[in-house]
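**Q** task: produce atomic coordinates for the following.
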Amino acid sequence: MKKRTKIIILAVMVDREDRRDQELLYYQAIAESSSSTQEAIDMANAARIALIKQMDTELLVEGVIKGLGFSDCVITMASSNVNVLVEAKVLTEDEVVKIVSVIQEELGTELKNIKVIPVE
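**A** Numbers count the residues shown, from 1 in each chain. Next up is the predicted model:
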């Protein structure tokens with residue numbers, strides 16, 4: 001993998017992890033605050049669990065995509081959209097179809113909401 005590619009993919013992963021850490025701390029603060037209502041605590045706990053499940057799903061999908069033969073990748077998910085950054089100079093149509101199939105099977109995302117981006 002080229003150094004530039006590694007830096008781009010690593011930067012996205014680090015940004016994603018930093019944002020997630022902040023979100024988890026936010027939810028934890030709500031859940032542990034003596035001034036939080038039970039409803040707020042329940043919502044914070046549910047949001048924390050949903051975020052952890054999303055993190056697990058991202059790791060699973062990234063692992064499956066790497067299993068297709070790509071040396072590295074990172075996915076980002078926002079509402080119904082999924083972006084996939086894949087270490088590759090170019091992607092063949094067959095490679096894109098395989099990646100999209102993984103996203104659709106694992107996440108149920110519609111084709112129009114999936115972006116596969118080669119990163120060189």
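
**Q** could you pull up the residues touching the residue sitting nearest the centre point of the chain?
**A** Nearest to the geometric centre of the chain sits Thr76, at 3.6 Å (C-alpha atoms, centre = their mean). Neighbouring residues of Thr76 by C-beta atoms under 8 Å, 6 or more residues apart in numbering: Val12, Arg16, Glu58, Val82, Asn83, Leu85. In short, each C-beta sits where N, CA and C put it, glycine included.

**Q** pick the one among these closest to Thr92.
**A** Leu85 (16.8 Å; C-beta to C-beta).

**Q** the closest one - that's part of a strand, no?
**A** Yes: the assignment for Leu85, made by DSSP: H, G, I helix; E, B strand; the rest coil, places it in a strand.

**Q** and the helices in the protein?
**A** Listed in chain order, the helices of the chain (DSSP state H) span 3-32, 38-67, 93-107.

**Q** pLDDT below threshold where in the protein?
**A** 1-2 (pLDDT under 70).

**Q** now the helices of the chain in JSON lines, with mean neighbour count?
**A** Listed next are the helices of the chain as JSON lines, based on neighbours: other C-beta atoms under 10 Å:
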{"stretch": "helix 3-32", "mean neighbour count": "13"}
{"stretch": "helix 38-67", "mean neighbour count": "14"}
{"stretch": "helix 93-107", "mean neighbour count": "16"}
